[in-house]
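A.B. asks: pasting the sequence and the predicted model now:
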Amino acid sequence: MNPLRSWSVLIVYALATIPLMPLQQLFVWAWPGMARVFPHYYHRMVLRILGVRLKVVGEPAQGPAILACNHVSWLDIEVMSAVAPVSFIAKREVNRWPFFGSLARLQRTVFVDRERRHATGPSRDEMRERLKAGDTLVLFAEGTSGDGFSVLPFKSAFFGAADEPGVQVQPVTIAYNGHRNLPMTRRLMPFYAWYGDMDLPPHLWGAIASGPIEVTVICHPPLRLATEMNRKQLARHAETLVRQGLVEALHDPAKFR
């Protein structure tokens with residue numbers, strides 16, 4: 001690991017981010033269209049700062065849409081935001097995180113309570129309103145982050161927000177499949193996959209120091225809840241496609257370079 005690289009990256013990141021936060025807040029208040037797309041260009045810049053090379057396979061769905069993804073790392077936020085202008089569906093605890101909670105609010109995140117089942121109804125209603133407005137929402141459908149080599153079962157509760165006519169659900173695979181132009185290994189993956197009881201600050205530091213890396217995002221064909229299947233069937237089908245994409249990206253990374 002290279003601590004000098006971490007310091008350099010964090011300083012450049014702060015210099016690029018802090019001045020833009022008030023600008024995005026103004027967009028949220030006064031220019032909703034720009035508030036939707038501005039983070040997309042910001043996160044593309046951040047990936048370059050962090051040393052993340054992104055490969056996108058397929059086309060991301062246009063809103064109204066839910067992008068149902070596997071979840072590997074805090075870097076998924078940067079990655080998916082660089083793929084398309086999106087907002088996120090995140091657990092309510094994120095809203096209280098120092099600094100990162102502010103960034104989440106500025107990107108118009110929908111905060112949900114995953115612990116209390118009776119709270120999913122209001123969250124789905126908020127998601128429906130955002131979808132009616134034409135937004136593209138990223139749903140980390142496992143409900144938690146994984147080890148980067150497997151996909152956990154998709155939870156179906158929030159797929160019900162896609163029951164409005166015209167709303168697409170697109171399965172999306174996120175694969176951390178390269179490190180310094182070589183295949184990602186099981187020894188290196190824990191520097192990037194953030195899961196279990198890992199503390200965020202030291203993990204973030206280690207990931208930055210260990211880069212650069214290559215990430216592949218596979219946009220699978222969109223599905224529709226209203227015309228094809230119920231939400232549980234949709235969740236299972238999306239999970240299968242995402243898992244198949246992850247296996248392919250990890251076992252044949254050269255295919256995506």
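C.D. replies: Great, that's in hand. From a predicted model like this one, the values you see are computed outputs, not experimental measurements. Residues are numbered from 1 along each chain as shown.
A.B. asks: just the strands in this structure please.
C.D. replies: For the chain, strands defined by DSSP state E occupy the ranges 52-57, 65-69, 87-91, 110-112, 136-140, 168-179, 182-183, 213-219.
A.B. asks: just those: most buried one?
C.D. replies: Compared across the strands of the chain, strand 65-69 shows the largest average neighbour count, a mean of 28 (mean count of other Cβ atoms under 10 Å). Every C-beta, even on glycine, is put in place using the N, C-alpha and C of the backbone.
A.B. asks: now for that strand, which elements pack on it?
C.D. replies: Packing contacts for strand 65-69, counted by 3 or more Cβ pairs under 8 Å, 6 or more residues apart in numbering; DSSP states H and E, involve helix 75-83, helix 120-132, strand 136-140, strand 168-179, helix 231-251.
A.B. asks: out of these, nearest to residue 186?
C.D. replies: Between residue 186 and the helices and strands packed on strand 65-69, the tightest spacing by Cβ to Cβ is seen for helix 231-251, at 10.3 Å.
A.B. asks: which strands and helices sit next to that closest one?
C.D. replies: By 3+ Cβ pairs under 8 Å, 6+ apart, helix 231-251 packs against strand 65-69, strand 168-179, strand 213-219, helix 225-228.
A.B. asks: could you dump the strands of the chain into a markdown table with distance to residue 8 added?
C.D. replies: Below are the strands of the chain laid out as a markdown table (distance: least, Cβ to Cβ, whole Å):
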| stretch | distance to residue 8 |
| --- | --- |
| strand 52-57 | 15 |
| strand 65-69 | 30 |
| strand 87-91 | 28 |
| strand 110-112 | 33 |
| strand 136-140 | 29 |
| strand 168-179 | 19 |
| strand 182-183 | 23 |
| strand 213-219 | 17 |
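A.B. asks: so which of those comes closest to residue 78?
C.D. replies: strand 52-57 (7.0 Å).
A.B. asks: ok and the closest one relative to strand 213-219, angle-wise?
C.D. replies: On the basis of axes from the mean of the first three to the mean of the last three Cα atoms, to 10 degrees, strand 52-57 is oriented at 20 degrees to strand 213-219.
A.B. asks: still on that earlier bit, any idea which of the helices and strands packed on strand 65-69 scores lowest on pLDDT?
C.D. replies: Ranked by mean pLDDT, those bottom out at helix 120-132, which scores a mean of 87.
A.B. asks: before we move on, back to that, which one, of the strands of the chain, ends up nearest to residue 38?
C.D. replies: Judged by Cβ to Cβ, the one of the strands of the chain that comes nearest to residue 38 is strand 87-91, at 12.1 Å.
A.B. asks: pairing partners for that closest one, with directions?
C.D. replies: Strand 87-91 has these partner strands in its sheet, going by DSSP bridges: strand 110-112 (parallel), strand 136-140 (parallel).
A.B. asks: could I get the helices and strands packed on strand 65-69 as CSV with distance to residue 17?
C.D. replies: Shown next, in CSV, are the helices and strands packed on strand 65-69 (distance: least, Cβ to Cβ, whole Å):
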stretch, distance to residue 17
helix 75-83, 11
helix 120-132, 24
strand 136-140, 20
strand 168-179, 22
helix 231-251, 29
